[in-house]
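Undergrad: what follows is a predicted protein model with its sequence.
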Amino acid sequence: PTMVPCWNHGNITRSKAEELLSRTGKDGSFLVRASESISRAYALCVLYRNCVYTYRILPNEDDKFTVQASEGVPMRFFTKLDQLIEFYKKENMGLVTHLQYPVPLEEEDTGDEPEEETVDCVESPPELPPRNIPLSAGPLEAKEVPTACDSSRVPEVSKPTLSETLLQRLQSIDTSGLPDEYLKAIQDYLSTQLVLDAEFMKTGSSSLPHLKKLTMLLCKELYGEVVRTLPSLESLQRLFDQQLSPGLRPRPQVSGEASPINMVAKLSQLTSLLSSIEDKVKALLHEGHECPHRRTLIPPVTFEVKSESLGIPQKVQLKVDVESGKLIIKKSKDGPEDKFYNHKKILQLVKSQKFLNKLVIVVETEKEKTVRKEYVFADSKKREGFCQLLQQMKNKHSEQPEPDMITIFIGTWNMGNAPPPKKITSWFLSKGQGKTRDDSADYIPHDIYVIGTQEDPLGEKEWLEILKHSLQEITSMTFKTVWPSHLWNIRIVVLAKPEHENRFSHICTDNVKTGIANTLGNKGAVGVSFMFNGTSLGFVNSHLTSGSEKKLRRNQNYMNILRFLALGDKKLSPFNITHRFTHLFWLGDLNYRLELPVSEADTIIQKIKQQQYADLLAHDQLLLERKEQKVFLHFEEEEITFAPTYRFERLTRDRYAYTKQKATGMKYNLPSWCDRVLWKSYPLVHVVCQSYGSTSDIMTSDHSPVFATFEAGVTSQFVSKNGPGTVDSQGQIEFLSCFATLKTKSQTKFYLEFHSSCLESFVKSQEGENEEGSEGELLVKFGETLPKLKPIISDPEYLLDQHILISIKSSDSDESYGEGCVALRLEAKETQFPIYTPLTHHGEMTGHFQGEIKLQTSQGKTREKLYDFVKTERDEVIGPKGLKSFTSHDPMKLWEPANRAPLCSGPSITEIINPNYMGVGPFGPPMSLHGKQAISPEQQPAAWNYDPLPKDASLGPGKGESPPTPPSQQPVSPKKFSSSPAGWGPCLRTQESRPSDLGKNMAEPPLQENLQLKKPEMFENPLYGSVSSFPKPVPRKEQESPKMLRKEPPPCPDPGISSPAILLTKAQEADSSKGTSKQVPTPRLRSFTCTSSTTEGGAAAGGEKNQGKPKPAASSLAPVPAKRPVKPSRSEISQQIPPAPTQQRPPLPVKSPAVLQLQHSKGRDYRDSAELPHQGKHRPEEGPLGRTAMQ
C-alpha cells in the first residue's frame, strides 16, 4: 500500500486543522483534510498572517482534482493530490500564498494493539449471533416474525388449538426417561383437561384443579419419600439449633452417595419447578382466551399521609383508583369513604421543594371554588409514586386522542458473555440501589423500553423472548418490537406498548465500529431512531475502549460515533446526532474508570461499603472529562447514588474482583461506574429523570445492570384547523440584531442556514459582516438582514412546540462552523425576545449565537399539557409574575466556560439545578466561589423561587430515597475539595433555550429576597408552615408549564453593561405598578446558587422591608466557616452576620466537586414531576448551606 503523505490528515475536524496550523505559526504552512460538506472532496488549509484560508479541492467526473482558487486564475486538473500540492508550492498560482511547510500528522495512540479485556473470555472476535430478522425487512415485517413461543400462546395467529400445539410440542421433547403411566397422564391432561382448567380461568377462579391432580400423580412417590425424610432432617436441625460452646466444632461429615449439596440443589430445583409450573399454565391460559391487547388494570393503591385540621396533624388515607378515575379520602384504612374527587376535579399537584414529602393537591369543589389541600407523605418516594399514579389516571381518562407525555425505560447491561439468570424483572421495575421507583408505581408500565446490552452471548430471537416474557410477567402485556439492532455483541432492542404501534415512523438504525483500527465491532456503537408522532427520539448504545489508562482513546471513540453514526432526518446534514432529535439518550458500557492509583484499592472498597460515593465520584473520569468539555458536551446525567457497577465477583454482589493475573502480570480493574445513561434534549422540552440506579440481584456478569426512567414530552402530528387546501400565511418567525461569535482563525465570509420541521425547506441567509472580536474570536454580525421564516402551520398550539436549528457556514467551503438550537416557546406574540444558543461542531464548543426573535402566530390558545399537571414550587408563592419570569436567554456575551466555578464546595450543593435551563448556559458568568465575576441581582429572576429542587448534599447522596449513608457518619471536610478547578462549562438547554422578558426578571429580586427572609419560619414542621407557604393560590394559567419553570435561563447580561433599564418591557412595568419592585436594587455580585431558604441577609432593597419580621437563625444566613474564604461578593448586610457553627449541618456525606459541578450545575429535570433530589424525611433546612456556603 502507498504511504499517505504527511500533509494528508484525512478525517480530522476543521477546528483541529486550525489548531495544528496555528501551532506552527509560519506563513505557508498547509495541510489537506477531507471536506465535511462534499463527499470525495478535500479541503486545503493554508496559514497566512495568522489566519487560516481554506480552499476546496473538488473531483470532476473523471476523478481529476481541481482547486477553487481566486477569480481570474485558470482551472488546472490533476490526477493525484500530491501532483496538485507540488504545483501550488510555486509562487503566484492563485492562492493567498504558496505552499511551503507541510504540517505532519500528530503521533497518537491508535489503539491498534489488542486491548486487555476485563472479562474472562476468549480474545478472538465473538461469533456473530444468528440473525433471525432479515436485514432487508422493513419495520413492520420485523414485527410480524412469530417466535415459537408466540405461536403457541396466541391462537388467533396460529391455526391449531392450544391443546394441539402443546401435544405437538410434547412429541418433539425427549420423553424417554418418563414412565408410560406418567406420559399418558400428561397427554390426557393436554387433550381433555386443559380446556376445563381454561373454563375455570374464565370464571375468574385462580385454581387449576386438573393441573393439581396431574402434579399430585407425578409427585406421588416423591411425597412418600419426603414424608419419611423430613422428620430425620427436622431432628438434625433441632440438634444443631443450639449455639455451640467455643471449644466445640462439628466435624466435617464424610459425604455418602447422596451428597447434601446435591440433595439441597435437587430439592430447591423441585420447589421452584412446582411453583413455576402453575404460573406458566395460568399465563398460557390467560393468553389463550383473552386478546393480548387487553387493557391492563392498575389496582387501587392507598397512601397513608398526614393532613392538618385546625392546627392538629391527623392521619388520612388517600386511595388512588386509576381505573375509575377517583381520588378517595378516608379517615382510616378500613373506614367509610370520607369524600372523593373525580379526575376532572383534580386540577394540579404542587410539590414542595423544601420538604420532599409534602404535596399540595389543588381541587375544584362543588361550588366551583379551588381549594389547596396539603398532605405530608411517609417519604419522597411515596409522594413520587402518588404523583405518577394520578398522572396515569389523568392520562387514562384524558379526552385528548394523542399523548403529551410518555415514559421511557432505559436499561444498559454488560452481560459479560454469560447467559442471564431466569429472573431479571427487578431491572425493569427499577429496583435495587440508587434512585429507585416506589412499589406503588410497579403497576404502571412504561410506554417504551430500550434495552442496550454489551458482550451479549445470546441470539437475537432468544434475547427478545426473554425480554418480552419478563415484561409480560410484570405488566401482563405483550410488548411490540419496534426494532432490534446489533453490532457483533453490542445490541439494542426497542419495545413499545401495543397501543403505540401506529405512532412509530421513520425507523432508522446504524452502527459505528471503534475496535482495533476502527474496523472491528467488538467495540463501538449501535443506534436506533424513530419518530413518535411528531417527536424525534434517538438512542445510542455504545461499548467504548476498556482499560483505566485509555481515557483519551475513549474520548476519541465518542467523537467518532458522534461524527459517523447516521441516524435521524438525513435532510439535517449540517447537524450531528446531538441536534437531530428532540430527545437523544446515550447508554452503554462507556468504560470510564476511577482516576486513582491501584494502591488505593482498599480505600475505595471501604468508601463503597460506607456509601461515600461523593469522594469517589470526584475521581470519576467521565465526570472530569465532561467538566473539561472533552466529551458529552451539553449532555445531562442524573446524580449517581448507587455503588460502582463494575467489577464484581460473579454470582455475588458483596465483593469486587479488582485484580486479575495475566501472562503480562497483574491486571487491576478498580471498582468503577462504567455503565451509564446520559441524555440531551432540545431547549424547553419536558424531560425528567425519575429513576437512576442499578440492580442488586442480577449477578451472572461482572457488571450490574443499570436502569434509568424518564418522563418525556411529545407532540402529536398536528393537523391544521383551517381544513385542507387553505394556505396558512399568518405565521412568521423574525430574527433581529443577531450576531455570532466564533472561535476560529479562518479568513472567510459566513452565512446562516435555518432548519426546522415547521419550515417547508431550509432557509439560507445573506453573508454577515466580520469584525475582530476580543481574545482572537471572530464576530459575525447579521443585523436586520436575516430572512423572515414562514412556518407551514401558524397555529400557536403547534408552533410554540417547535425549534429552529441554526448552522453557521463558510461561504468558501459550505462547511458548518457551529450548530445551535432555539426554541419557539415564547411567552407573548408580537414581542421581541432575546435569544441565545451555544454553537458546537463535532462535539466541541465553537462559539455562540445571540440576538432577538419575534414570533407571529395565528389566533388560538395553547392547551395545558399532561406534564403541566404536576408542578414544583418553593414554599413561598411569589405571585403569578414571578412564575413567568423564567424566560431568558443569555443575550449578552457570557463566554469563557472555563471561568465557571463549582456551584458549591462541600456539603451544600445546589440550587441552580440546571444552569442549562437558566441562561447560565454554556457561557454563564462564573460563580463567585473563586471571587471572579458573578451576576448582579438585576439579572437574577425572582422566579428562581420556583426553580427545580436544589440538590442539597446535606441530605446525602440518596436524594430522598432512603439515604444511602448512615446518619451517624460525619461529613467529609469541604476543605479537601477547595482545589477543585472552576471549570464546568456549558450544559445545553439554555436557549439554546428560551427568549424572555428581561424586564420582568430584573424588576423582581427585591420580592424574592423579601420572601426568603420569611422562610425560616417553616423549618420546624411542614404543616405549620402552610399559612405562610401558600398565601394565595396561584391561578393555574399563571403557573408556568414545567417547561417554563425549568428550562428558561435567567438573563445573564455582562456586568459591564451600562444599564439594565434599556431592556425593560411592558411586563416589567406591570410588575412595578403592582408594587412588586419599587426600585431596581443597586447591582451587587451574587452567586448563581439561589438556595431556597437562604436570604443572604436580604437584598439591599428587600432587607429593609422585613426588619419587623422574625429573623432567621444565624445558621440559615451565615457563611459556613469550613468553606474556603472567597472575596466578598454579597451585600453589606450578609457580611455582618456572625458565622454559624458547622455542627448544625446534618452529618451526612458531602458531594464531590466533580459531582457538584456536573450533576448539579447540569440538567436536573426535577422541574415539576420528577422524584426530587433528596430522599426520606423532610430535612429541617436545606438552603442555608447553598448560597452562603460559597462565601
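TA: Noted; the coordinates are in hand. Numbering: from 1, shown residues only.
Undergrad: now Thr785: closest residue in space, sequence neighbours ignored.
TA: Gln766 (5.2 Å; Cβ to Cβ, 6 or more residues apart in numbering). C-beta coordinates here come from the backbone N, C-alpha and C atoms, glycine included.
Undergrad: list the buried residues in stretch 395-415.
TA: Using 16 or more other Cβ atoms under 10 Å as the test for burial, stretch 395-415 gives 395, 403-415.
Undergrad: now these in TSV, with distance to Gln850 and secondary structure?
TA: As requested, the buried residues of stretch 395-415 are arranged in TSV below (distance: Cβ to Cβ, whole Å; DSSP: H, G, I helix; E, B strand; the rest coil):
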residue	distance to Gln850	secondary structure
Asn395	38	helix
Pro403	34	coil
Asp404	30	coil
Met405	31	strand
Ile406	33	strand
Thr407	35	strand
Ile408	32	strand
Phe409	38	strand
Ile410	34	strand
Gly411	39	strand
Thr412	37	strand
Trp413	42	strand
Asn414	42	strand
Met415	47	coil
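Undergrad: between those residues, which sits nearest Asp334?
TA: Taking Cβ to Cβ as the measure, Asp334 lies nearest Asn395 of the buried residues of stretch 395-415, at 29.8 Å.
Undergrad: got a list of what Glu402 touches?
TA: Arg503, Asn533, Ser716, Gln717 (Cβ atoms under 8 Å, 6 or more residues apart in numbering).
Undergrad: same check, this time on Cys45
TA: Cys45 touches Ala17, Glu18, Leu21, Phe30, Leu31, Val32, Arg33, Val52, Tyr53, Thr54, counting by Cβ under 8 Å, 6+ apart.
Undergrad: the same query, at a cut-off of 10 Å, please.
TA: For Cys45, the contact set (Cβ atoms under 10 Å, 6 or more residues apart in numbering) comprises 7, 9, 12, 14, 17-18, 20-21, 29-33, 52-55, 103, 746, 813.
Undergrad: may I have the strands that pair with the host helix or strand of Arg491, each with its orientation?
TA: In the assignment (DSSP states H and E), Arg491 maps to strand 490-496. With DSSP bridges as the criterion, the sheet partners recorded for strand 490-496 are strand 448-454 (antiparallel), strand 480-487 (antiparallel).
Undergrad: pull the shortest one out as PDB, backbone CA atoms only.
TA: Taking Å, rounded to 0.1, in the frame of the first residue of the first chain, the C-alpha atoms of strand 448-454 are listed here in PDB:
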ATOM      1  CA  ILE A 448     -41.200   2.400  25.600                       C
ATOM      2  CA  TYR A 449     -38.500   0.100  26.900                       C
ATOM      3  CA  VAL A 450     -35.000   0.500  25.400                       C
ATOM      4  CA  ILE A 451     -32.600  -2.300  26.400                       C
ATOM      5  CA  GLY A 452     -28.900  -2.000  25.500                       C
ATOM      6  CA  THR A 453     -26.500  -4.900  26.100                       C
ATOM      7  CA  GLN A 454     -22.800  -5.400  25.600                       C
END
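Undergrad: tilt between it and strand 405-414?
TA: Strand 448-454 and strand 405-414 are oriented at 10 degrees to each other (axes from the mean of the first three to the mean of the last three Cα atoms, to 10 degrees).
Undergrad: right, and the helix or strand after strand 448-454?
TA: Downstream of strand 448-454 (by DSSP H and E), the next one is helix 460-475.
Undergrad: isn't Gly768 right up against Lys781?
TA: Yes - applying Cβ atoms under 10 Å, one finds Gly768 in contact with Lys781, separated by 5.6 Å.
Undergrad: who has more neighbours out of those two?
TA: Using other Cβ atoms under 10 Å as the criterion, Gly768 and Lys781 rank with Gly768 on top: 22 against 14.
Undergrad: quick check: the more buried one vs Tyr55, distance?
TA: Distance of Gly768 to Tyr55, given as Cβ to Cβ, to the nearest Å: 21 Å.
Undergrad: next, count neighbours for His686.
TA: His686 has 26 nearby residues by other Cβ under 10 Å.
Undergrad: wait, it touches Phe869, no?
TA: No - when contacts are counted by Cβ under 10 Å, His686 is not listed as touching Phe869 (11.3 Å).
Undergrad: what's near enough to touch Leu759?
TA: Ile733, Leu789, Lys790, Pro791, Ile792, Gln802, Ile804, Leu805.
Undergrad: for the residues you listed, work out which two are farthest apart.
TA: Lys790 and Leu805 (16.5 Å).
Undergrad: ok, the two, which is more surrounded?
TA: Neighbours were counted for Lys790 and for Leu805 using other Cβ under 10 Å; Leu805 has more, 22 against 16.
Undergrad: confirm that one sits in a helix?
TA: No - with DSSP: H, G, I helix; E, B strand; the rest coil as the criterion, Leu805 is located in strand rather than a helix.
Undergrad: renumber starting at 443 from here on
TA: Will do, 443 is the new start, and the previous item becomes Leu1247.
Undergrad: okay, and the beta partners of it?
TA: His1197, Cys1263.
Undergrad: do I have it right that it meets Leu1266?
TA: No - contact between Leu1247 and Leu1266 fails when scored by Cβ under 10 Å: they sit 11.7 Å apart.
Undergrad: spit out the residues that contact the two alike.
TA: Joint contacts of Leu1247 and Leu1266 (Cβ under 10 Å, 6+ apart) are Ser1198.
Undergrad: would you mark the buried spots in the helix or strand hosting Ile1046?
TA: Assigned by DSSP H and E, Ile1046 belongs to helix 1043-1051. If you call a residue buried by 16+ other Cβ under 10 Å, then helix 1043-1051 has these buried ones: Ala1043, Ile1046, Ile1047, Lys1049.
Undergrad: dump these to a markdown table, plus pLDDT and distance to Lys748.
TA: Formatted as a markdown table, the buried residues of helix 1043-1051 follow (pLDDT from 0 to 100; distance: Cβ to Cβ, whole Å):
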| residue | pLDDT | distance to Lys748 |
| --- | --- | --- |
| Ala1043 | 94 | 47 |
| Ile1046 | 97 | 41 |
| Ile1047 | 96 | 41 |
| Lys1049 | 97 | 37 |
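Undergrad: and of these, the nearest to Met658?
TA: When the buried residues of helix 1043-1051 are compared for distance to Met658 (Cβ to Cβ), Ile1047 wins out at 50.9 Å.
Undergrad: right, and that closest one touches Thr1101 too?
TA: No - contact criterion Cβ under 10 Å: Ile1047 and Thr1101 do not qualify, at 11.9 Å.
Undergrad: any common contacting residues for the two?
TA: Shared contacts of Ile1047 and Thr1101, counting by Cβ under 10 Å, 6+ apart, come down to Leu1112.
Undergrad: for stretch 768-784, C-alpha coordinates in PDB please.
TA: Listed next in PDB are the C-alpha coordinates belonging to stretch 768-784 (Å, rounded to 0.1, in the frame of the first residue of the first chain):
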ATOM      1  CA  LYS A 768     -61.200   8.800  41.500                       C
ATOM      2  CA  LEU A 769     -59.100  10.000  44.400                       C
ATOM      3  CA  ILE A 770     -60.800   8.800  47.600                       C
ATOM      4  CA  ILE A 771     -60.000  10.400  51.000                       C
ATOM      5  CA  LYS A 772     -60.700   8.200  54.100                       C
ATOM      6  CA  LYS A 773     -60.000   8.800  57.800                       C
ATOM      7  CA  SER A 774     -59.000   5.200  58.400                       C
ATOM      8  CA  LYS A 775     -57.900   2.400  56.100                       C
ATOM      9  CA  ASP A 776     -61.000   0.200  56.600                       C
ATOM     10  CA  GLY A 777     -63.300   3.000  57.400                       C
ATOM     11  CA  PRO A 778     -66.000   4.500  55.100                       C
ATOM     12  CA  GLU A 779     -65.200   7.000  52.300                       C
ATOM     13  CA  ASP A 780     -65.000  10.500  53.700                       C
ATOM     14  CA  LYS A 781     -65.100  12.200  50.300                       C
ATOM     15  CA  PHE A 782     -63.800  11.600  46.800                       C
ATOM     16  CA  TYR A 783     -62.700  13.800  43.900                       C
ATOM     17  CA  ASN A 784     -63.300  12.800  40.200                       C
END
